[in-house]
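Engineer: here is the input, now give the coordinates:
(2 chains, ligands or ions: 4)
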2 protein chains.
Amino acid sequence: MLYGAIEAGGTKFVCAVGNEKGELLEKAIIDTTTPEKTLEQIKTFYLGKDIVACGVGSFGPIDVNKESPTYGYIMNTPKIKWQKFNLLGELKKLLGVPLAFDSDVNVAAVGEKLLGAGRDVNSCLYMTIGTGIGAGLYVEGSTLSGLSHPEMGHILLKRHPEDSDFTGFCPFHGADCFEGLAAGPAIEKRWDKKGNELGVDHEAWRLEAYYIAQALMNYILIVSPEKIVLGGGVMKQKQLFPLIFDELIEKLNGYLDFPQLTRENISRYIVSPELGDEAGVKGALMTAVKML
Amino acid sequence: MLYGAIEAGGTKFVCAVGNEKGELLEKAIIDTTTPEKTLEQIKTFYLGKDIVACGVGSFGPIDVNKESPTYGYIMNTPKIKWQKFNLLGELKKLLGVPLAFDSDVNVAAVGEKLLGAGRDVNSCLYMTIGTGIGAGLYVEGSTLSGLSHPEMGHILLKRHPEDSDFTGFCPFHGADCFEGLAAGPAIEKRWDKKGNELGVDHEAWRLEAYYIAQALMNYILIVSPEKIVLGGGVMKQKQLFPLIFDELIEKLNGYLDFPQLTRENISRYIVSPELGDEAGVKGALMTAVKML
Ligand SMILES: Nc1ncnc2c1ncn2[C@@H]1O[C@H](COP(=O)(O)OP(=O)(O)O)[C@@H](O)[C@H]1O
Ligand SMILES: Nc1ncnc2c1ncn2[C@@H]1O[C@H](COP(=O)(O)OP(=O)(O)O)[C@@H](O)[C@H]1O
Ligand SMILES: [Zn+2]
Ligand SMILES: [Zn+2]
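Structural biologist: Ligands and ions are numbered 1, 2, ... in the order given. Sure, this is the predicted structure:
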């Protein structure tokens, strides 16, 4: 049987067809323009493809509350044309198959959990640090959601003493939240250069690791995932990993007594995505497989 | 059918027998002394009571990982005699019925979700602010656990500018974590008086609300519960509620666009326990009922 998988992003939609093993058999990349044009191209891609269900991981914020009148809508995104767009409803009309709908990072967590770095454990937190910061959690067979999907990128963090003048980049929380302090645009604003233009020894990475470690400590204490996967453009700076490990272990200060959290083992607990850029689309595929 | 329920606390064990509706039919309070003496008294209480299963909510840290060799043990608690004590194993021998085992705050979350303030929603976070700070989460039919049960009391918080000299009370994190800043003993250390001796207008409560709101914001962003129940000795100061609401709404700054989070509705979203002191023991009872 064939399944559809759609990763709906703010700049591009990845559409694919795959099987229940999580193998992608065909893939297309469609620019995110207007809803009408983008959906037209999605329709063309799936034409004649005999899928039985489709998983969708979408940029957000989205409404994932099945009892809400706007369930399946993209909510107040800065992308005006997509505001209050009924993505799930329109895709349903277009594809005529059962659809699973979740946030982009939640489906990436599903992908890494079932097919990637989290294969051998029971729960997996996936976080991306790029233009924004988002995270998803897969635990006990499903992604976490309640009032909404998690919005972990906006948790409040303590400022680094050497960073007290920075005004931050979050339109809601300035320099008070993780995203405002540590997403790609915040790095660029602070140092007047893009992250990939800063040398690996630049002091930017020490600050960055300080904030990432603080956030991870809170995630670990609150949801206690068995694996943490860090993706997104900023995490291509691999020198961040040991800096994060040192900070995190210092901050925990022995409080959590798990073998995963020793300096020796932590590099197997906090890892890069094994599925690379395909965590999202493969997770969307598995979400479709699991729903039938 | 009858079920057992045990709330294992650091100062007392509450033992009860109840039915599948969550009604307690008999209850006994046993002092927490040595494991031998305490268990002997538990045995006496349940003698001749025809329970078919028993739920246990325990003080911690406890090992809730079913694959671990120390599953069901109390781990490195400051109560020396209970360190590395196989509570689950010993209770199993004693009672001879199937046991469900979870943290005290996780079972309290179960109690409030199924029988109390969270009755009408799908997920419920229960937090107690007392001698320590702990929280549990019940979502989609089970409590959250991964590497371990949540340890939400130790998340890192930003210091209030007027509180910069306080050295805190957490043996692991000093004044860097929520418990170190805001649990009962931290209040007592900061003001040289117990919480219940400070007037309702004391500036202590403004600081306290600042820290509680910060923590709640992070919990909401990370696990997005549909109801938050705040219990424990410190939360008997009811004047804290409006202070917390104001702080939280100011901090979120419109980021989460849910009807629950308006100033008008938030007092129905963040509430006191409906089960009072019985959230734990009633949750333990329902955990036993659910396991059969
Ligand atoms: N190699 C890199 N090193 C540091 N920062 C990077 C790198 N690549 C991309 N970034 C930053 O990450 C952000 C883009 O994130 P990315 O994950 O690639 O896309 P998006 O989040 O938009 O899906 C930009 O702010 C960019 O400057
Ligand atoms: N009415 C009150 N107002 C403020 N603080 C209180 C009040 N009652 C108890 N406390 C504080 O709460 C802590 C005890 O918490 P409690 O929830 O009663 O017990 P425990 O956490 O040990 O189970 C103590 O630090 C005490 O000073
Ligand atoms: Zn923010
Ligand atoms: Zn602490």
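Engineer: secondary structure class for the residue nearest to the spatial centre of chain A?
Structural biologist: Nearest residue to the geometric centre of chain A (Cα atoms, centre = their mean): residue A:105, 2.8 Å. Under DSSP: H, G, I helix; E, B strand; the rest coil, the three-state class of residue A:105 is helix.
Engineer: next one: the one 4 residues further on
Structural biologist: In terms of secondary structure, residue A:109 is helix; the call rests on three-state DSSP.
Engineer: so what's residue A:35 up against?
Structural biologist: A:81-82, A:85, A:87, A:90 (Cβ atoms under 8 Å, 6 or more residues apart in numbering or on different chains). Quick note: C-beta positions are derived from backbone N, CA and C, even for glycine.
Engineer: save these as TSV, and put in distance to chain B and secondary structure too.
Structural biologist: TSV is the format used below for those (distance: Cβ to the nearest Cβ, whole Å; DSSP: H, G, I helix; E, B strand; the rest coil):
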residue	distance to chain B	secondary structure
A:81	19	helix
A:82	16	helix
A:85	16	strand
A:87	17	helix
A:90	22	helix
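Engineer: circling back to that earlier point, residues touching the residue nearest to the centre of chain A, list them.
Structural biologist: With contact set as Cβ under 8 Å, 6+ apart, residue A:105 has these partners: A:57, A:126-128, A:134-136, A:149-150.
Engineer: of those, closest to ligand 1?
Structural biologist: Of all those, ligand 1 sits closest to residue A:128, with 5.9 Å by Cβ to the nearest ligand atom.
Engineer: wait, isn't that closest one in contact with residue A:106?
Structural biologist: No. When contacts are counted by Cβ atoms under 8 Å, residue A:128 is not listed as touching residue A:106 (11.5 Å).
Engineer: who has more neighbours out of these two?
Structural biologist: The neighbour count for residue A:128 versus residue A:106, taken as other Cβ atoms under 10 Å in any protein chain shown, is higher for residue A:106 (31 against 25).
Engineer: so that one is in contact with residue A:142, correct?
Structural biologist: No. Counting by Cβ under 8 Å, residue A:106 stays clear of residue A:142, with 9.3 Å between them.
Engineer: now do the buried residues in stretch A:116-131.
Structural biologist: Of the residues in stretch A:116-131, A:116-118, A:122-130 count as buried by neighbour count, 16 or more other Cβ atoms under 10 Å in any protein chain shown.
Engineer: likewise stretch A:130-140?
Structural biologist: A:130, A:132-139.
Engineer: and the residue of the stretch 51-200 of chain A that's closest to ligand 4?
Structural biologist: As assessed by Cβ to the ion, ligand 4 sits closest to residue A:158 within the stretch 51-200 of chain A, at 13.7 Å.
Engineer: using PDB, write out every CA atom in stretch A:238-252.
Structural biologist: Coordinates of each C-alpha in stretch A:238-252 appear next as PDB, following Å, rounded to 0.1, in the frame of the first residue of the first chain:
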ATOM      1  CA  LYS A 238      28.900  20.800  15.400                       C
ATOM      2  CA  GLN A 239      31.200  22.500  17.900                       C
ATOM      3  CA  LEU A 240      28.100  23.500  19.800                       C
ATOM      4  CA  PHE A 241      27.500  19.900  21.000                       C
ATOM      5  CA  PRO A 242      30.400  19.600  23.500                       C
ATOM      6  CA  LEU A 243      29.800  23.100  24.700                       C
ATOM      7  CA  ILE A 244      26.100  22.200  25.400                       C
ATOM      8  CA  PHE A 245      27.100  19.000  27.100                       C
ATOM      9  CA  ASP A 246      29.400  20.800  29.500                       C
ATOM     10  CA  GLU A 247      26.900  23.500  30.300                       C
ATOM     11  CA  LEU A 248      24.100  21.100  30.800                       C
ATOM     12  CA  ILE A 249      26.000  18.800  33.100                       C
ATOM     13  CA  GLU A 250      27.200  21.700  35.200                       C
ATOM     14  CA  LYS A 251      23.700  23.100  35.500                       C
ATOM     15  CA  LEU A 252      22.100  19.800  36.400                       C
END
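Engineer: where do the strands sit along the stretch 51-200 of chain A?
Structural biologist: Counting by DSSP state E, counting those that start in this stretch, the stretch 51-200 of chain A has strands at residues A:51-58, A:99-103, A:123-129, A:133-139, A:142-143.
Engineer: among those, which is nearest chain B?
Structural biologist: strand A:123-129 (4.4 Å; Cβ to the nearest Cβ).
Engineer: tell me which parts of the stretch 51-200 of chain A are close to ligand 3?
Structural biologist: Residues of the stretch 51-200 of chain A lying near ligand 3 by Cβ under 5 Å from the ion: A:154, A:170, A:172-173, A:177, A:179-180.
Engineer: to residue A:268, which of the strands of the stretch 51-200 of chain A lies closest?
Structural biologist: Nearest to residue A:268, of all these, is strand A:123-129, at 13.2 Å by Cβ to Cβ.
Engineer: give the pairing partners of the one helix or strand in chain A whose mean pLDDT sits lowest; include direction for each.
Structural biologist: In chain A, the helix or strand scored least confidently by mean pLDDT, DSSP states H and E is strand A:142-143, which has a mean of 92. Sheet pairing for strand A:142-143, assigned by DSSP bridges, gives strand A:133-139 (antiparallel).
Engineer: in the stretch 151-292 of chain A, where is pLDDT below threshold?
Structural biologist: Counting by pLDDT under 70, the stretch 151-292 of chain A contains no low-confidence range.
Engineer: how about the contacts made by residue A:143?
Structural biologist: With contact set as Cβ under 8 Å, 6+ apart, residue A:143 has these partners: A:102-103, A:106-107, A:109-110, A:136-137, A:149.
Engineer: how much space is there between residue A:14 and residue A:180?
Structural biologist: The gap separating residue A:14 from residue A:180 is 28 Å, by Cβ to Cβ, to the nearest Å.
Engineer: okay, the two: which has more neighbours?
Structural biologist: Regarding residue A:14 and residue A:180, a neighbour count based on other Cβ under 10 Å identifies residue A:180 as having more, with 26 against 20.
Engineer: is that one in contact with residue A:169, as I believe?
Structural biologist: Yes. With contact defined as Cβ under 8 Å, residue A:180 and residue A:169 form a contacting pair (5.1 Å).
Engineer: what touches both of the two?
Structural biologist: residue A:186.
Engineer: spell out which parts of the stretch 51-200 of chain A neighbour chain B.
Structural biologist: Counting by Cβ under 8 Å from any Cβ of the partner chain, the stretch 51-200 of chain A comes close to chain B at A:61, A:75-76, A:122-123, A:139-140, A:142, A:144-159, A:172-173, A:176.
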